[in-house]
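J.: Sequence below, structure please.
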Amino acid sequence: MAQALRPIEDETPQTALVAQVSANPALVLLDRERFDQFYEAIKAETDKLIPDLTTEKGRKEIASMAFKVAKTKTAIDAAGKLLNEEARAKINLVDAARRDIRDKLDALKDEVRRPLTEWEAREEERIAACEALIESMKAAAVVSMEDTAETVGQRLAKVSAYALDEGQFQSALPSALAQQEASVLTLTAAHARLVKEEADRAELERLRAEAAERAERERQEAEAKAAAEAAERARQEAEARAARAAEEEQARIAAAAKAAEEAARAAAEARANEERLAQQRAHEEALAAEKRRADEAEAARRAEAERVAREAAAAKAEEARIAAEAAKRAADQEHRSKIMGAAKQAIMGHGVGEQTARAIILAIAAGDVPSVSIKF
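T.: Below is the predicted model of the structure:
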């Protein structure tokens, strides 16, 4: 039977006992004192191991020692099963010894392996934290309809401020840096787009407010003008009525000078008609001038509205182009991640660990492996 623990060159009672048990594991099953001596001998050997988790060799030595202890346990347990088959009368004693031996050797195995087990747990926590940070950067780059320039700017500042430590990320650092860069680019483009959209909306609101103010001012001016025209007509009518009343009174008082008064009245009416005609022409000319000013203001307003509409259309076209480019980059990144993930799984299928497989794929993708490439 192969030895469970490595032989010790210096021959001592303890090493001799280890050799005896290695040759015949059944020796310790029915002799508790001999097992205790054997256990102390292999415990002394495991105590000599100084765990070194900083190197691959040190971690392998820990795993190897734990495996040797487990192998010794398995050999003794197997011998116990054989004795149980050969001597059923001793089954209770053998089983009790087996359980005790299993428990002690399992405890020893766990004690020996504890530094490696704790290191593996810390590694799992580190990897999980790295993956969570990468996922958070990826999620931060998703811009929704409810986002504003302020919310996108806050996420951009947060993602940009992440200091990705090489000691923490190790082989995942290139992937984390690539995700950070992609998220920063996406958020930067979205922030610029939202800033411009919000500025355009503010400008459009300002123009609308100015147009409304201008329309209200024009309405008030039109009402004031209509009131002035009505007052002028009332004044003219009052003057006409007063003139007619004066003329009638004068006709009654000056009946004797009717002919002269008729001539004077005709002359006065002619002058009054000329004045009214002159006033009417002046009024019509003022109305025409006011209409020309209103038409010019309306034409200017329409031209400004058309300019704003053209700029808004250009902004939407630019937004669509930026969104298309971002979607293309995201699709390319997803495609590359899927190809690299499939390649990693294929390598892991040949017995390679996940971290090693990931490091191999990243090295090939970075061009660090001569004559080998990944087809995307």
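J.: buried set for stretch 72-82?
T.: By neighbour count with 16 or more other C-beta atoms under 10 Å, stretch 72-82 contains the buried residues Thr72, Lys73, Ala75, Ile76, Asp77, Ala79, Gly80. C-beta coordinates here come from the backbone N, C-alpha and C atoms, glycine included.
J.: The fifth one: helix or strand, and which one exactly?
T.: Asp77 belongs to helix 56-86 when assigned by DSSP states H and E.
J.: What is the subsequent helix or strand relative to that helix?
T.: Next helix or strand after helix 56-86 toward the C-terminus (DSSP H and E): helix 91-140.
J.: Give the other helices and strands that that following helix contacts.
T.: Counting by 3 or more C-beta pairs under 8 Å, 6 or more residues apart in numbering; DSSP states H and E, the packing neighbours recorded for helix 91-140 are helix 32-47, helix 56-86, helix 149-161, helix 166-169, helix 173-253.
J.: Which strands and helices lie in contact with the third one?
T.: Here helix 149-161 touches helix 91-140, helix 173-253, going by 3+ C-beta pairs under 8 Å, 6+ apart.
J.: With the longest one instead?
T.: Under the contact definition 3+ C-beta pairs under 8 Å, 6+ apart, helix 173-253 sits against helix 91-140, helix 149-161, helix 258-348.
J.: who wins for proximity to Arg201 among those?
T.: helix 258-348 (9.3 Å; C-beta to C-beta).
J.: Check the average confidence over the helix holding Asp77, would you?
T.: Helix 56-86 shows a mean pLDDT of 84 in the predicted model.
J.: That helix vs helix 91-140, what angle?
T.: Here helix 56-86 runs at 150 degrees with respect to helix 91-140, directions being taken by axes from the mean of the first three to the mean of the last three C-alpha atoms, to 10 degrees.
J.: Centre of the chain to helix 56-86, how far?
T.: Relative to its chain's centre, helix 56-86 lies at 51 Å (C-alpha atoms, centre = their mean, to the nearest Å).
J.: Next: stretch 218-236.
T.: In terms of C-alpha atoms, centre = their mean, the centre of stretch 218-236 is found 63 Å from the chain centre.
J.: can you pull the contacts of the spatially most central residue of the chain?
T.: Nearest to the centroid of the C-alpha atoms of the chain, with distances taken as C-alpha atoms, centre = their mean, sits Ala140, at 1.3 Å. For Ala140, the contact set (C-beta atoms under 8 Å, 6 or more residues apart in numbering) comprises Arg155, Lys158, Val159, Ser183, Leu187.
J.: and those, which are buried?
T.: With neighbours counted by 16+ other C-beta under 10 Å, the contacts of Ala140 contain buried members at Arg155, Val159, Ser183, Leu187.
J.: now the last one, nearest residue through space, not along the chain?
T.: Right, Leu187. Nearest residue to Leu187 in three dimensions, chain neighbours excluded: Leu156, at 4.0 Å (C-beta to C-beta, 6 or more residues apart in numbering).
J.: That neighbour and Thr186 touch, don't they?
T.: No. Leu156 is beyond contact range of Thr186, at 9.2 Å (criterion: C-beta atoms under 8 Å).
J.: For those two, indicate the residue with more neighbours.
T.: Between Leu156 and Thr186, Thr186 has the larger neighbour count (other C-beta atoms under 10 Å), namely 23 against 20.
J.: Where does the prediction get shaky in the chain?
T.: Counting by pLDDT under 70, the chain contains low-confidence ranges at 1-18, 21-23, 87-91, 251, 254-261.
J.: domain assignment for it?
T.: Segmentation of the chain into domains, based on automatic domain parsing, reads 13-137, 141-157+170-365.
J.: deepest of these, which one?
T.: With neighbours defined by mean count of other C-beta atoms under 10 Å, none of the domains of the chain is more surrounded on average than domain 13-137, at a mean of 16.
J.: residue contacts, Gln333?
T.: Gln333 makes contacts with Ala178, Ala182, as judged by C-beta under 8 Å, 6+ apart.
J.: Okay, it and Ile134: tell me how far apart.
T.: Separation of Gln333 from Ile134 (C-beta to C-beta, to the nearest Å) stands at 12 Å.
J.: before we move on, the earlier item: let me know which of the helices and strands packed on helix 173-253 is the nearest to Ala226.
T.: Each of these was scored for nearness to Ala226 using C-beta to C-beta, and the closest is helix 258-348 (10.8 Å).
J.: got the angle between that closest one and helix 91-140?
T.: Taking the same axes, to 10 degrees, one finds helix 258-348 and helix 91-140 inclined to each other by 150 degrees.
J.: What is the subsequent helix or strand relative to helix 258-348?
T.: Read in the C-terminal direction, the helix or strand following helix 258-348 is helix 354-365, with elements assigned using DSSP H and E.
J.: who's in contact with that next one?
T.: Defining contact as C-beta under 8 Å, 6+ apart, one finds that helix 354-365 is touched by 127, 171-172, 174-175, 336, 340, 343-345, 347-348, 352, 369, 372-374.
J.: change it to 10 Å
T.: Outside of helix 354-365, the residues that reach it under the criterion C-beta atoms under 10 Å, 6 or more residues apart in numbering are 123, 127, 170-175, 336, 339-353, 368-369, 372-374, 376.
J.: next one: stretch 116-133
T.: The set of residues external to stretch 116-133 that reach it, using C-beta under 10 Å, 6+ apart, is 51, 53-54, 58-63, 65-66, 110, 113, 162, 164-165, 167-173, 175-176, 179-180, 354-355, 358.
J.: what does stretch 339-350 give?
T.: Where contact means C-beta under 10 Å, 6+ apart, the residues beyond stretch 339-350 that reach it are 175, 352-354, 356-362, 364-365, 374-376.
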